[in-house]
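> have a look at this prediction, sequence included:
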Amino acid sequence: MVQDNLGWNKDIDKVTEKFSDSFGSLTGSQLNHKPNPNVWSIAQNIYHIILLNNSYFECFDEIKRGNHLLPQVDAMEQFAIDSLETIRPYASTARPKKANTWDKWQPSITNIDFKILKIFRDHQSVFKIHIKELQEFNLNQTFVKYPGDTNLIFSLDECINFLIEHENRHWIQANEVKHVLIPSEDG
């Protein structure tokens, strides 16, 4: 599914609004609350999104400069489709697969500044700038390498969709932490 800049901007704005509306009134202590050692806090979920997206932003910059290196494969389009199928379950909001993220995307900080939501909003603005700057490329025929430690590739349009879905997945995770922290009145 190829979207235009405006569609992705709306999707990014919706995600940003969900994070602000859901967590904007929380204190720093609440944002950093971990229900147990194996669950990320709300702030860690947000920080993880920023870390992951920034690694893709570096790839986007390489594409714009013309020095992004891809793995050598015979059928690039099919490899991109297969790559997406490999990684999609880890970004899906349905969350069929739990994942241990690569070390470089682990939110190692346990006490994250309560300004993380403002940092996230600013980060989302940068995301939209990248999308605008990538519009000069054929987004379904330009490929980006997965910045993790494996050789996967995606078309730019699928990559952007993937990142937005990944943000939504982590909003769900963060919201689950909020519901443990502040139980709803319906039980």
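That came in fine, so what should we check first? Note that the structure is predicted; figures quoted are calculated from it, not measured.
> make it CA atoms for all contacts and neighbour counts henceforth
Will do.
> what's in contact with the helix or strand hosting residue 128?
Secondary structure from DSSP states H and E places residue 128 in helix 116-134. Identification of contacts with helix 116-134 by C-alpha atoms under 8 Å, 6 or more residues apart in numbering yields 5, 8-9, 12-13, 16, 19-20, 23-24, 43, 46-47, 50, 57, 60, 64.
> repeat the analysis, applying 7 Å as the threshold.
5, 9, 12, 16, 20, 43, 50 (C-alpha atoms under 7 Å, 6 or more residues apart in numbering).
> now the helices for the chain?
5-23, 28-31, 42-65, 76-87, 116-134, 156-181 (DSSP state H).
> I'd like these laid out as TSV, including distance to residue 142.
Shown next, in TSV, are these (distance: least, C-alpha to C-alpha, whole Å):
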stretch	distance to residue 142
helix 5-23	16
helix 28-31	38
helix 42-65	9
helix 76-87	10
helix 116-134	10
helix 156-181	6
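> rebuild the ones you listed as a markdown table, extending it with distance to residue 141, mean neighbour count and mean pLDDT.
Output for the helices of the chain, formatted as a markdown table (distance: least, C-alpha to C-alpha, whole Å; neighbours: other C-alpha atoms under 10 Å; pLDDT from 0 to 100):
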| stretch | distance to residue 141 | mean neighbour count | mean pLDDT |
| --- | --- | --- | --- |
| helix 5-23 | 16 | 16 | 94 |
| helix 28-31 | 40 | 19 | 94 |
| helix 42-65 | 12 | 20 | 96 |
| helix 76-87 | 8 | 16 | 72 |
| helix 116-134 | 12 | 17 | 97 |
| helix 156-181 | 8 | 20 | 94 |
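> OK, contacts around residue 68?
Here residue 68 is in contact with 59, 62 (C-alpha under 7 Å, 6+ apart).
> from residue 143, how far out is it?
For residue 68, the distance to residue 143 (C-alpha to C-alpha, to the nearest Å) stands at 9 Å.
> can you check residue 172 too?
From residue 172 over to residue 143 the distance is 29 Å, taken as C-alpha to C-alpha.
> cool, residue 7 as well?
From residue 7 to residue 143 the distance is 20 Å (C-alpha to C-alpha).
> likewise residue 111?
Taken as C-alpha to C-alpha, the span from residue 111 to residue 143 is 36 Å.
> with residue 166 instead?
19 Å.
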